[in-house]
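Peer 1: Output the structure for:
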Amino acid sequence: MPTPRLELTGIVKRYPGVLANDRVDLAVMPGEIHALLGENGAGKSTLVKIIYGVVQADEGDIRWDGRPVRIADPHAARKLGIGMVFQHFNLFETLTVAENILLGLDGRSDLKALSAEIAEVAERYGLAVNPHRHVHALSVGERQRVEIMRCLLQDPRLIIMDEPTSVLTPQEADGLFVTLRRLAGEGRSVLYISHKLEEIQALCDTATVLRGGRVSGHCVPREETPASLARMMIGHELPHVARHRRREPGRPVLAVEGLSVPAPDPHGTDLKDISFTVREGEVLGIAGVAGNGQRTLLGALNGETAAPAPGMIAVDGVAVGRLSAGRRRALGLAHVPEERLSRGAVPAMSLARNTLLTAHGKGLVRHGLIDFARTRAFAQGIIERFRVAAPGPETEARGLSGGNLQKFIVGREISLEPRLLVLGYPTWGVDVGAAAAIRQEIIDLAEKGTAVIVLSEDLDELFEVCDRIAVIAGGRLSPLRAVGEAGVEELGQWMSGGFAGAARKADAEAGHAG
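Peer 2: Sure thing, here's the model as predicted:
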């Protein structure tokens, strides 16, 4: 038998109140794309952080090419030949793309030469990012591309990918898969974490499944089905997302008319004459490739960016285009941002205190004083209802896995029972069971009369929860389609901006009807 490139034996990692890894064994062979599967909180992220030297195991052994090794830190991991693309971005906001990548490359100092190399790699792998742009001006998808390129430029022998396609388009994901297969064909190894079971089946040679910090099984993904893989991960059948009752949408809750807003940063995408309406009990989905105006639209809707005129955005007939985020929330608007750690939660604060960011009006603050008992109870209710893997409401937000923090933030906003809910990528990095639960909560909330907007790159998700779907491309919004009338192929073309003809047809039909 060939020697494993990486072999873990009996790995144990404990945190206060949590046994993250419980005697985990794992072997990754040369030239193999090996999937690591499990629910949020199953121990995947902790295990790969041990491999990459971010944290140290309490017990167990690590072998690299058959030799015992101690990986003291990420520098030691990179020196061995281990590269990693993290689920959460490790980028400095005020530096350029090239400067950020330079910080992660040992022994490199020529920024001009590196910028040229970045441009070459970006074009080769279809991960185009301008090396001279500052990170604070990048969308989530563009930041993910920076992380992937930084890893590839290290020329690693083992590549750890933690949810690398969560913010990539299908075309970008396909391009990444071509790259990974070519790297595996060269004898490199890939340890791949993803909650997208279809891509695990298409890409990976073998899989190790974790549940509750322990190895619960091994399999060959292509010999399984998404349902059987999900069952191995969560221990029971995948929840079925269903509409309990269909109702006709009620009166308009949100009306956007002729919204044209310049992007807050010079490299962002301006909004151009966007108009749509969302009614009571309706879920409107907006698809699109990252960097096409989603961040500008979210900012305009939630109040971070003021509209040129108050009447361009109205909530229940009230012109809110020039109102602050706080005043819009007072009218019943809730919002799940696209970036959970920097925008949805304060990492160093407890979950209980993070509820105060948006839920203080639910009786958690009275006469200017925080009711800590009620705040903890509110946070505990979110933890239980949304099955957040956390020791309790006093756990710091940064102590949760990415998927569990996402569940908590989504749960916090849904628990407000808002009049209007705007969600940016609600199931990003969330396991299949939790994603199904979140989608069901969205549907249930709409059925109670809430108007919902979901921005997502996951077309399957939008088809599952939405009543109507549109596409944003180049800062413009396509015509809206009822879910039953929309096709994946058509929406895919629209995501490249090809909906001008459809828009003219829709305008003509509207004029004829008038």
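Peer 1: show me the contacts for the closest residue to Pro74 other than its chain neighbours.
Peer 2: Leaving aside its chain neighbours, Pro74 sits nearest to Gly53 (5.0 Å; criterion: CB to CB, 6 or more residues apart in numbering). The C-beta positions use only the backbone N, C-alpha and C, and glycine is treated the same way. Neighbouring residues of Gly53 by CB atoms under 8 Å, 6 or more residues apart in numbering: 71-77.
Peer 1: Now the most centrally placed residue in the chain: phi and psi?
Peer 2: Closest residue to the average C-alpha location of the chain: Trp428 at 2.5 Å, with CA atoms, centre = their mean. The phi and psi values for Trp428, taken as degrees, to the nearest 10, are phi -60, psi 120.
Peer 1: Compute the distance between it and Lys196, please.
Peer 2: 11 Å (CB to CB, to the nearest Å).
Peer 1: How many residues are close by the closest residue in space to Ser350 that isn't next to it in sequence?
Peer 2: The shortest distance from Ser350 to any non-neighbouring residue, by CB to CB, 6+ apart, is to Glu394 (4.8 Å). Other residues within reach of Glu394, judged by other CB atoms under 10 Å, total 13.
Peer 1: so Glu394 touches Leu351, yeah?
Peer 2: Yes: using CB atoms under 8 Å, Glu394 makes contact with Leu351 at a distance of 7.4 Å.
Peer 1: element containing Ile148, please.
Peer 2: Using DSSP states H and E, Ile148 falls within helix 140-152.
Peer 1: quick one: the following helix or strand past that helix to helix 140-152, angle?
Peer 2: Remark: after helix 140-152, the chain's next helix or strand is strand 158-162, criterion DSSP H and E. Angular relation of strand 158-162 and helix 140-152 on a 0 to 180 degree scale: 160 degrees, by axes from the mean of the first three to the mean of the last three CA atoms, to 10 degrees.
Peer 1: Run through who's touching strand 158-162.
Peer 2: Contacts for strand 158-162 (CB under 8 Å, 6+ apart): 5-6, 28, 44-45, 48, 51-52, 81-87, 151, 180, 183, 188-194.
Peer 1: average pLDDT across that strand?
Peer 2: The pLDDT scores in strand 158-162 average 93.
Peer 1: strands paired with that strand, and their directions?
Peer 2: Paired neighbours of strand 158-162 in the sheet (DSSP bridges): strand 82-85 (parallel), strand 189-193 (parallel).
Peer 1: now for these, which one comes closest to Ala379?
Peer 2: strand 189-193 (27.5 Å; CB to CB).
Peer 1: how far out from the middle of the chain is that closest one?
Peer 2: 19 Å (CA atoms, centre = their mean, to the nearest Å).
Peer 1: what's the answer for stretch 292-312, then?
Peer 2: 21 Å.
Peer 1: Ends of that stretch, what's the gap?
Peer 2: 20 Å (CA to CA, to the nearest Å).
Peer 1: For that stretch, buried residues please.
Peer 2: 292-307, 312 (16 or more other CB atoms under 10 Å).
Peer 1: So what does Val97 look like in phi/psi?
Peer 2: Torsion angles, degrees, to the nearest 10, at Val97: phi -60, psi -50.
Peer 1: Give me the pLDDT value at it.
Peer 2: 93.
Peer 1: For it, give its distance to Leu91.
Peer 2: In terms of CB to CB, Val97 sits 9 Å off from Leu91.
Peer 1: Can you pick out the residue with more neighbours from the two?
Peer 2: Val97 (27 against 20).
Peer 1: Glu99 against Lys112, yeah?
Peer 2: No: using CB under 8 Å, Glu99 is not in contact with Lys112, being 11.9 Å away.
Peer 1: who has more neighbours, those two?
Peer 2: A count of neighbours by other CB under 10 Å puts Glu99 above the other of Glu99 and Lys112, at 18 against 9.
Peer 1: Would you map the strands across the stretch 201-350 of the chain?
Peer 2: 206-211, 214-219, 252-261, 271-279, 283-287, 313-315, 318-319, 333-336 (DSSP state E, counting those that start in this stretch).
Peer 1: Of the ones you listed, which is nearest Glu413?
Peer 2: Taking the strands of the stretch 201-350 of the chain one by one with CB to CB, strand 333-336 is closest: 4.3 Å.
Peer 1: Pull up the pairing partners for the closest one, direction included.
Peer 2: Those paired with strand 333-336 in the sheet (DSSP bridges) are strand 420-424 (parallel).
Peer 1: List buried residues within the contacts of Gly53.
Peer 2: Looking at those with 16+ other CB under 10 Å, the buried ones turn out to be 71, 74, 77.
Peer 1: among those residues, which one has the lowest pLDDT?
Peer 2: Lowest pLDDT among the buried ones among the contacts of Gly53: Pro74, 91.
Peer 1: right, and that residue touches Tyr52 too?
Peer 2: Yes: Pro74 lies in contact with Tyr52 (CB under 8 Å); the separation is 5.7 Å.
Peer 1: Can you pull the residues that touch both of these two?
Peer 2: Met84.
Peer 1: Low-confidence regions, the stretch 251-400 of the chain specifically.
Peer 2: Applying pLDDT under 70 to the stretch 251-400 of the chain flags residues 267.
Peer 1: let's see it at 90
Peer 2: The model of the stretch 251-400 of the chain has pLDDT under 90 over residues 264-269, 288-292, 295, 338-343, 367, 387, 389-391, 399-400.
Peer 1: Would you map the helices across the stretch 1-150 of the chain?
Peer 2: 44-51, 74-80, 97-103, 111-125, 140-152 (DSSP state H, counting those that start in this stretch).
Peer 1: Tell me which residues are up against the second one.
Peer 2: Meaning helix 74-80. 51-54, 64, 69-71, 84, 106, 154, 156-157.
Peer 1: Please state the offset of it from the chain centre?
Peer 2: Using CA atoms, centre = their mean, the offset of helix 74-80 from its chain centre is 27 Å.
Peer 1: Domain parsing of this structure, as residue ranges.
Peer 2: Using automatic domain parsing, the domain ranges for the chain come out as 6-234, 244-332+419-430+439-514, 342-417.
Peer 1: Run the chain-centre distance for the first one.
Peer 2: Once both centres are worked out by CA atoms, centre = their mean, domain 6-234 turns out to sit 15 Å from its chain's centre.
Peer 1: rank the strands paired with strand 158-162 by mean pLDDT and give me the bottom one.
Peer 2: strand 82-85 (a mean of 91).
Peer 1: list the contacts for Gly43?
Peer 2: Gly43 neighbours (CB under 8 Å, 6+ apart): 13, 20-22, 24, 210, 212-214.
Peer 1: Just the pLDDT for it.
Peer 2: 91.
Peer 1: Sweet, I'm off.
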